[in-house]
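K.L.:
need the 3D shape of this:
(chains A and B)
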There are 2 protein chains.
Amino acid sequence: MDFSIFKSLLTEYNSFIVTSHVMPDGDAIGSVLALTMALEKAGKRALPVINDAVPKKYRFLPRSQNVRPFIPEVDKAEVMVCLDSGDSERLEFKRDLRDICPLVVNIDHHRSNSMYGDLNLVDDSYSSVGEMVYFLLKSLDINIDYDIAICLYTSIITDTGSVKYSNTTPSCLRVLAELVELGVRPDIVNREVFEKKSLESVMLLKEVLGTLKVSAGGKLAYMTVTKDMMIKTGAREEDTDGFINYAREIEGVEVAIIFKEQDNLKVKVGFRANQWVDVSKIAEEFGGGGHVKAAGCTVKGPLDKAQELILASVNKYLKEGLQ
Amino acid sequence: MDFSIFKSLLTEYNSFIVTSHVMPDGDAIGSVLALTMALEKAGKRALPVINDAVPKKYRFLPRSQNVRPFIPEVDKAEVMVCLDSGDSERLEFKRDLRDICPLVVNIDHHRSNSMYGDLNLVDDSYSSVGEMVYFLLKSLDINIDYDIAICLYTSIITDTGSVKYSNTTPSCLRVLAELVELGVRPDIVNREVFEKKSLESVMLLKEVLGTLKVSAGGKLAYMTVTKDMMIKTGAREEDTDGFINYAREIEGVEVAIIFKEQDNLKVKVGFRANQWVDVSKIAEEFGGGGHVKAAGCTVKGPLDKAQELILASVNKYLKEGLQ
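P.N.:
Now for the predicted structure:
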């Protein structure tokens, strides 16, 4: 992708809001911080805005304490650069983006991007928006210093699951190499992003593993997080991130499900598939959505009724696939 | 490191045994297979010999079914190439290596290598021996095909913990990029090497997490695997690999310990440190050894006595460090 078109923006404009989606992950936060710092190096005014809290594990990143939600009437800029967001709703500004900034630039790697920008730099061949920002900065001749490097490294490493996912390309591996040459320590980023766990989350994991059930001849594995478990262990919702993989990684399992009991009689359901089931279709049946191999929905409880309903549907998909 | 000295071996010799250490990991197996296939491409006779079983998770590698233990009186060659083995004892040939092959070549990246070869290519700046074999093949002008590439990729990815450890360098990241260009699929290697878990191992994890205890003001976390748990879940010893990380990754923990109850009243003890404690010293106190941040020993049981003894020693180290 040719990023040089961005050059004219630097000639014409002086103030930028750099933003990304709510429930921000490492790619959202890393790319917002990297681009903000780079724009400042280019002599621009740049404001990092995310309409949600920065998760604790990303607060080691330089300038992460500067990221904050939008303040109406106060935050103004000529250009809004939206990173890693497939549509404008996920940015949660709750108003037309052009009421805040006359020009909207959309930089993203999601295939399903709705092209909501005045300028859309969208290409799903990139591992992460962090990788895109790396090439953007190269084309703008903005020097990548250590602070920018560690943000971009965090972007790429979180979106590729530490080079484990299928979006891991020769290009992103070479960018990681460059960033390590600029001083990034892979072991330190890894410890911050993947390792630091709370005691509460480990105790919750123990409880949740206790609910693991395998059925459909070993093709289906599911587990449950009850409200009682959350109270008993003192864990937070984000502590359940990744639990579903314990079900997905069992040999022979095709579909993994996690049921999370919510307040007001709702149940959040997460789905993962390993090879041939399209779980986005199952999630859509229940008003949710997602990707072929990772999807989710929220259904009405109580827990046992919700499980019955969902399991019946999944079993149908598993049977169809086996015919 | 200059590998060109290896060139003369290819001119002078025609038969090779390629070997590595017992309890082989991904780097041992990957580098043995890659070098065996490369030597055959160069028109040589090459025999992959490891005096131990190939763990199930590496059997997806091409030619892995050809790896077998040494057969005395049958296996003969001019040159033995020893990979990833810090000393000759870990190869477990149980005889002088020169009784099998007149010439011994030692290729390794362990700092503590005892230089037991006639030719020693030892350099601890490499992430893995797989990375060394990559550069060796480049210097020999042997074309790296897909089968060799997936073995080298597995080597590097296992020894760097999927680019998470401190041995992850720009060089090894660039080699990974080259190997992906040759057709290696990162997600598929990841699934084979890191993900496929048995149901038994997940059930054992649940039991072991139930024993987790945190003490010393949150600096020490330890867990226990009893013989009863192994029987109850039907898990195997290798299923406990990595369990200690659940203790190590808890925020604030400096030393993590796992106690594994053995037959004949013995207890295996594994140690990990995060930052400042040298656990190899603790392990050495009890007749064991290892690295600064990962070590182990075996002590006399029963379990509760062994735990008492070890915990007293660790608490001493933790207190000393805090002074």
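
K.L.:
what are the ranges of the helices in the stretch 51-200 of chain A?
P.N.:
With helices called from DSSP state H, counting those that start in this stretch, the stretch 51-200 of chain A shows them at A:129-139, A:146-159, A:170-181, A:186-190, A:199-209.

K.L.:
please name whichever of these is nearest to A:S64.
P.N.:
Nearest of these to A:S64, taken as Cβ to Cβ: helix A:146-159 at 8.7 Å. C-betas here are computed from N, CA, C, even on glycine.

K.L.:
got the angle between that closest one and helix A:129-139?
P.N.:
140 degrees (axes from the mean of the first three to the mean of the last three Cα atoms, to 10 degrees).

K.L.:
and helix A:146-159, what does it pack onto?
P.N.:
Of the remaining helices and strands, those touching helix A:146-159 by 3 or more Cβ pairs under 8 Å, 6 or more residues apart in numbering or on different chains; DSSP states H and E are helix A:26-41, helix A:129-139, helix A:170-181, helix A:186-190.

K.L.:
list the buried residues of the first one.
P.N.:
For helix A:26-41, the neighbour count (16 or more other Cβ atoms under 10 Å in any protein chain shown) marks A:26-39, A:41 as buried.

K.L.:
same check, this time on the last one
P.N.:
Along helix A:186-190, these residues count as buried under the neighbour rule (16+ other Cβ under 10 Å): A:P186, A:D187, A:V189, A:N190.

K.L.:
most widely separated two among those residues?
P.N.:
Farthest-apart pair in the buried residues of helix A:186-190 is A:D187 and A:V189; separation 7.6 Å (Cβ to Cβ).

K.L.:
need the CA coordinates for stretch A:12-19. CSV is fine.
P.N.:
The C-alpha trace of stretch A:12-19 is given here as CSV (Å, rounded to 0.1, in the frame of the first residue of the first chain):
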residue,chain,number,x,y,z
GLU,A,12,-1.9,21.3,4.9
TYR,A,13,-3.0,20.5,8.5
ASN,A,14,-1.6,21.2,11.9
SER,A,15,-3.9,19.5,14.5
PHE,A,16,-4.9,15.9,14.7
ILE,A,17,-7.1,13.7,16.9
VAL,A,18,-5.7,10.1,16.8
THR,A,19,-8.3,7.6,17.9
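
K.L.:
average pLDDT across stretch A:105-123?
P.N.:
Stretch A:105-123 comes out with an average pLDDT of 94.

K.L.:
rewinding a little: B:S128: which of the helices and strands packed on helix A:146-159 is closest?
P.N.:
Once the helices and strands packed on helix A:146-159 are compared by Cβ to Cβ, helix A:186-190 is nearest, at 14.0 Å.

K.L.:
name every strand pairing with the worst-scoring helix or strand of chain A on mean pLDDT and say which way it goes.
P.N.:
Ranked by mean pLDDT, DSSP states H and E, the weakest helix or strand in chain A is strand A:289-290, scoring a mean of 80. According to DSSP bridges, strand A:289-290 forms sheet pairs with strand A:294-300 (antiparallel).

K.L.:
for the closest residue to A:L121 other than its chain neighbours, which residues are in contact?
P.N.:
Computed as Cβ to Cβ, 6 or more residues apart in numbering or on different chains, the closest residue to A:L121 that is not its neighbour in sequence is A:I107, at 4.6 Å. Counting by Cβ atoms under 8 Å, 6 or more residues apart in numbering or on different chains, A:I107 touches A:S31, A:V81, A:C82, A:L83, A:D84, A:L121, A:V122, A:V129, A:M132, A:V133, A:L136.

K.L.:
how close does the third one sit to A:P102?
P.N.:
It stands for A:C82. For A:C82, the distance to A:P102 (Cβ to Cβ, to the nearest Å) stands at 14 Å.

K.L.:
just want to know which of the two has more residues nearby.
P.N.:
Using other Cβ atoms under 10 Å in any protein chain shown as the criterion, A:C82 and A:P102 rank with A:C82 on top: 27 against 13.

K.L.:
pretty sure the more buried one sits against A:D118.
P.N.:
No - at 10.8 Å, A:C82 does not count as touching A:D118 under the criterion of Cβ atoms under 8 Å.

K.L.:
overlap in contacts of those two?
P.N.:
With Cβ under 8 Å, 6+ apart, A:C82 and A:D118 have common neighbours A:V104, A:V105.

K.L.:
for A:D239, see how far away the residue of the stretch 1-150 of chain A found nearest chain B is.
P.N.:
The minimum distance from the stretch 1-150 of chain A to chain B, using Cβ to the nearest Cβ, falls at A:K56 (9.5 Å). Separation of A:K56 from A:D239 (Cβ to Cβ) stands at 11 Å.

K.L.:
more neighbours: those two, which one.
P.N.:
Using other Cβ under 10 Å as the criterion, A:K56 and A:D239 rank with A:D239 on top: 21 against 13.

K.L.:
which SS class is the more buried one?
P.N.:
Of the three states, A:D239 takes helix under DSSP: H, G, I helix; E, B strand; the rest coil.

K.L.:
my guess is it contacts A:E200. True?
P.N.:
Yes - assessed by Cβ under 8 Å, A:D239 is found in contact with A:E200 at 6.3 Å.

K.L.:
including mean pLDDT and distance to B:E254, could the helices and strands packed on helix A:146-159 go into TSV?
P.N.:
Below are those laid out as TSV (pLDDT from 0 to 100; distance: least, Cβ to Cβ, whole Å):
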stretch	mean pLDDT	distance to B:E254
helix A:26-41	98	26
helix A:129-139	98	31
helix A:170-181	98	26
helix A:186-190	95	16
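
K.L.:
what's the longest helix in chain A?
P.N.:
If you go by DSSP state H, chain A has its longest helix at helix A:303-322.

K.L.:
what residues sit buried inside that helix?
P.N.:
A:L303, A:A306, A:Q307, A:L309, A:I310, A:L311, A:V314, A:Y317, A:L318.

K.L.:
doesn't A:D278 make contact with the last one?
P.N.:
No - using Cβ under 8 Å, A:L318 makes no contact with A:D278, being 11.8 Å away.

K.L.:
can you tell me which residues in the stretch 51-200 of chain A are near chain B?
P.N.:
On the criterion Cβ under 8 Å from any Cβ of the partner chain, chain B has as its neighbours in the stretch 51-200 of chain A the residues A:157, A:160-166, A:168-171, A:173-174, A:176-178, A:180-181, A:185-187, A:190-191, A:194-199.

K.L.:
to A:S15, which of the helices and strands packed on helix A:146-159 lies closest?
P.N.:
Nearest to A:S15, of the helices and strands packed on helix A:146-159 and by Cβ to Cβ, is helix A:26-41 at 9.3 Å.

K.L.:
could you point out which element follows the closest one?
P.N.:
strand A:45-49 (DSSP states H and E).

K.L.:
and the buried ones among the residues of the stretch 51-200 of chain A next to chain B, selectable in PyMOL?
P.N.:
Burial among those is assessed by 16+ other Cβ under 10 Å; the matching PyMOL selection reads:
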select buried, chain A and resi 157+160+161+162+163+164+168+169+170+171+173+174+176+177+178+180+186+187+190+191+194+195+196+197+198+199
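
K.L.:
show me the strands in the stretch 1-150 of chain A, by range?
P.N.:
Ranges of strands within the stretch 1-150 of chain A are A:15-20, A:45-49, A:79-83, A:103-108, A:119-122, based on DSSP state E, counting those that start in this stretch.
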